[in-house]
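Q: Structure of the sequence below:
(one chain, ligands or ions: 1)
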Amino acid sequence: MQKRRLPLLITAATLLLTGSGLSPQTARAERLPAFGLVADIQYADKPGGVSRDYRGSLSRLEQCVTNLNAQDLDFVIQLGDAIDGYGTNRVASVRDLDSVLSVFNRLSAPKYHVAGNHCQSAGKENLLGRLGLKSFYYAFADPAAKGWRFIVLDGNDAGYGIISEEQLAWFRTALGQAQQAGEKVICFCHFPLLKAAAESNRMAKPEPVLAALDSAPCVVAWIAGHDHNGGYARRKGVHHITLRGMVEAPGSTAYARIEIAGDRLRETGFGNEPSRELPLATNAPARRLSFENGRTWPSDAGARINAHGGGLLFRDGLYYWYGEHKIEGKAGNAAHVGVHAYSSRDLTNWKDEGSALAVSDDPASDIAKECVLERPKVIYNAKTGKYVMWFHLELKGQGYGAARSGVAVADTPTGPFTYLHSERPDAGVWPVNATDEQKAALQKVDRMKGLTFSGGPNADTPKHAILARDFAGGQMARDMTLFVDDDQKAYHIFASEENSTLHISLLSDDYLSHAGKYVRVFPNRWSEAPAICKRQGRYWMITSGCTGWAPNAARAAVADSIWGPWQELGNPCAGVNPMNGCGPDKTFGGQSTYILPVQGRRDAFIALFDIWKPDNAIDGRYVWLPLRFTDAGFTITWANTWDLSVFDPAAR
Ligand code: DGJ
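A: Next up, the predicted model:
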């Protein structure tokens, strides 16, 4: 075991180095400086709720300590709220604090603490004494991390989430000294500063702190806890990392290790905490190493990825993600911009490729600005060398009545695509499984003139001959996806017949129109949001029910032929999204949009979902989860964060 070096403590009062006993020749393994982080252990000897598990935090901390001790770390820092506390009951709060420290102090690396709001219930003096601190704000250095200064701030000294003037003055001085010494600085505080890095909970008065950061280019990162859902954002070159709370990780865990590499910080997350690479060069984008479900995902340009209801295409080593570009507010549910494209090699870091298909300024165009343009999907036609996009199109000002399919084409994956036409599919063609009764209903369609239908599940629509009604003019086509089979035949799968029934329709060889063969599946099941893949010769589908923008339970299905028969397998989802409390009955708050085969990995598929935000459309979120095939079908289990290593043979 390597001999531990003593840390250099820079006290709040003096800002002088008071550490001693360091020998410059201190033995050190050949490795980069690294430290451990844990936030919001929030232990309490009391029952918790669905996603909050006070008691279990202690065993999670034990595992964390064991794991961090197995690593060669220079220090470990606890980011506040070690206990939940009991308000004015100091005795009980101190008892819990002692329980936490009895585990935490088993860490072999030097230990540091940040004060949180919940810990205050143990009483300031008790807290200082037990944490071995003279002040809740202080700075320290570590001999392993030459040229780095670590600053710990107290986010509570002038009230909940407020930093006092006195502390701010100290902070500015500490930053000034670091700046003069040519050091880089990492700040630790219980409270995040930015909404972008902590959606629900952050410092009450972040402005003066941000102003101090702005005048100190030496600051590289602000690392916090408090908002248990965690988060990340970059502002003026500073990485703002909010660690996920350990208390909010039943059945998993949440903590991290950060390595200080020459030109970057490398965060390795454990359990729910994602992994990231954070370059120190101001303009270089952070690299995401994990999927972070339910959060906004930034592109390389820094803005949030704006590709809702999307689909993916893999070509020449790159994944392309196409989706609905939404704008703010309810207005964003209509198309003001068009289809946005992004590209990626690794599925977690996305380059903004700009607009793939722009809506038209010409009010006479099918795709006039403010039409509804949803669920765009792009496929590549090997025969024509063209990229073909299909989407659900509703004409401007007609609500969801038009129910058409739009087609656009491009020579390159990022386009821009040229809009070709829109249509109601399969005019004048009966589905391969049409019954004589359905065909005979053609004689009666005149009686349906003027009737309107709700587009959601109801007992009335199935009594009417919608298929026959639309025989001449073409079938309704709303939520949709595309699928290219191994033989390069492509299929358009869409919600038809007033959303009551899915149609699977073969496309022409050039993929630009329908070939005149289709099948009705899941009749009167009101399935929306179809997504499909092929695995081991069988076809697997996910759909949702039909409840507008509101989430409902997902459905799985399987077939040996794309033409059916399709067998429903029930709801494949398991687990709860802690950000909205939605479990399988609400598909984590989302709705399916695509199933992505992961390149280069056998049997690796990712299910993509959208969490819609109809009141502020641009705020819609993405949920990507691995499909796990079982004897009975497949399952999709919620994960806050995960990465492609789940598809490694050893992980299955
Ligand atoms: C649910 C669909 O799946 C979405 O694509 C969208 O059309 C909404 N309905 C509109 O309410």
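Q: Who does the closest residue to Pro584 other than its chain neighbours form a beta bridge with?
A: Closest residue in space to Pro584, ignoring its immediate chain neighbours: Cys573 at 3.9 Å, by CB to CB, 6 or more residues apart in numbering. The way it works is simple: take the backbone N, C-alpha and C, and place the C-beta from them, glycine included. Assessed by DSSP bridges, Cys573 has beta-bridge partners Ile636.
Q: For Cys573, give me its contacts.
A: 553-554, 583-584, 587-588, 635-638 (CB atoms under 8 Å, 6 or more residues apart in numbering).
Q: Now, of the residues you listed, which are buried?
A: Buried members of these, counted by 16 or more other CB atoms under 10 Å: 553-554, 583-584, 587-588, 635-636, 638.
Q: and Cys64, that's in a helix?
A: Yes: looking at Cys64 with DSSP: H, G, I helix; E, B strand; the rest coil, it is inside a helix.
Q: Please verify my assumption that it contacts Leu37.
A: No: the criterion here is CB atoms under 8 Å, and Cys64 misses it with Leu37 at 10.0 Å.
Q: what residue ranges in this protein score low on pLDDT?
A: Counting by pLDDT under 70, the chain has low-confidence residues at 1-29.
Q: what about the residue lying farthest from the centre of it, is that helix, strand or coil?
A: When distances are taken from the C-alpha mean of the chain, Gln443 lies farthest, 51.1 Å away, according to CA atoms, centre = their mean. At Gln443, secondary structure determined by three-state DSSP is helix.
Q: With the one 4 residues further on instead?
A: Here Arg447 is helix, with the state taken from three-state DSSP.
Q: cool, and Leu58?
A: helix.
Q: That one - how many residues pack around it?
A: Applying other CB atoms under 10 Å, we find 18 residues neighbouring Leu58.
Q: do Lys517 as well
A: When neighbours are counted by other CB under 10 Å, Lys517 registers 15.
Q: three-state assignment of the residue of the stretch 101-250 of the chain found nearest the ligand?
A: Nearest to the ligand in the stretch 101-250 of the chain, going by CB to the nearest ligand atom, is Glu199, at a distance of 23.8 Å. Glu199 falls in the coil class when you classify it by three-state DSSP.
Q: Equivalent analysis for Ser93, please.
A: Recorded secondary structure, Ser93: helix (three-state DSSP).
Q: correct me, but it touches Ala82?
A: No: if you go by CB under 8 Å, Ser93 and Ala82 don't touch, sitting 10.4 Å apart.
Q: higher neighbour count, those two?
A: Comparing Ser93 with Ala82 by neighbour count (other CB under 10 Å), the higher total belongs to Ala82, at 32 against 24.
Q: Thought Ser99 was touching that one, still the case?
A: No: look at Ala82 against Ser99 with CB under 8 Å: they stay out of range, at 9.7 Å.
Q: Quick check: neighbours shared by these two?
A: Tyr43.
Q: Look up phi and psi at the residue in the stretch 551-652 of the chain that the ligand sits nearest to.
A: With CB to the nearest ligand atom, the shortest gap between the stretch 551-652 of the chain and the ligand falls at Gln591, namely 5.5 Å. Backbone torsions for Gln591, taken as degrees, to the nearest 10, come to phi -140, psi 140.
Q: Adjust the sequence numbering to begin at 531 for everything that follows.
A: Shifting the count to begin at 531 puts that one at Gln1121.
Q: which parts of the helix or strand hosting Arg660 are buried?
A: For Arg660, the host element (DSSP states H and E) is helix 654-661. Buried residues in helix 654-661, counted by 16+ other CB under 10 Å: 656-658, 660-661.
Q: just curious, which of these is nearest to Gly884?
A: Gly884 has its nearest neighbour among the buried residues of helix 654-661 in Leu661, at 50.7 Å by CB to CB.
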